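Visitor: make a model of this:
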Amino acid sequence: MYSKIKNRSKGIVPLGSSERRSAFFSASLLGIFFKSLYFIIFLQKIFKAFNISSHLDFLIILDQITINN
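Guide: Alright, predicted model coming up:
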């Protein structure tokens, strides 16, 4: 019985705390990457919807909105 269990678990390596930290860090970086990519795509859609040609025009529009409110 012991030899069967030993043979089955040959390729399994238990995760230590450093491996878990590394996996969590990688997943966090991947999440940040995809969120920033989504935000860039979102900004491009806003620029296209309002016919904004540059980031400076966008900042001017935001400034005017905050001044009026």
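Visitor: what ranges does this protein have for its strands?
Guide: In the chain, no segments count as strands under DSSP state E.
Visitor: max-length helix in it?
Guide: Among the segments of the chain that qualify as a helix by DSSP state H, the longest is helix 17-49.
Visitor: helices or strands up against that helix?
Guide: Packed against helix 17-49, as judged by 3 or more Cβ pairs under 8 Å, 6 or more residues apart in numbering; DSSP states H and E, are the following elements: helix 55-68. In this view, the C-beta of every residue, glycine as well, is placed from N, C-alpha and C.
Visitor: off-centre distance for the helix it packs on?
Guide: 27 Å (Cα atoms, centre = their mean, to the nearest Å).
Visitor: and the contacts of it?
Guide: Residues outside helix 55-68 that contact it (Cβ atoms under 8 Å, 6 or more residues apart in numbering) are Leu43, Ile46, Phe47, Phe50, Ile52.
Visitor: now the buried members of those.
Guide: Ile52 (16 or more other Cβ atoms under 10 Å).
Visitor: the contacts of helix 55-68 into JSON lines, with extra columns for distance to Leu37 and pLDDT?
Guide: Shown next, in JSON lines, are these (distance: Cβ to Cβ, whole Å; pLDDT from 0 to 100):
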{"residue": "Leu43", "distance to Leu37": "11", "pLDDT": "83"}
{"residue": "Ile46", "distance to Leu37": "15", "pLDDT": "82"}
{"residue": "Phe47", "distance to Leu37": "16", "pLDDT": "80"}
{"residue": "Phe50", "distance to Leu37": "21", "pLDDT": "78"}
{"residue": "Ile52", "distance to Leu37": "20", "pLDDT": "76"}
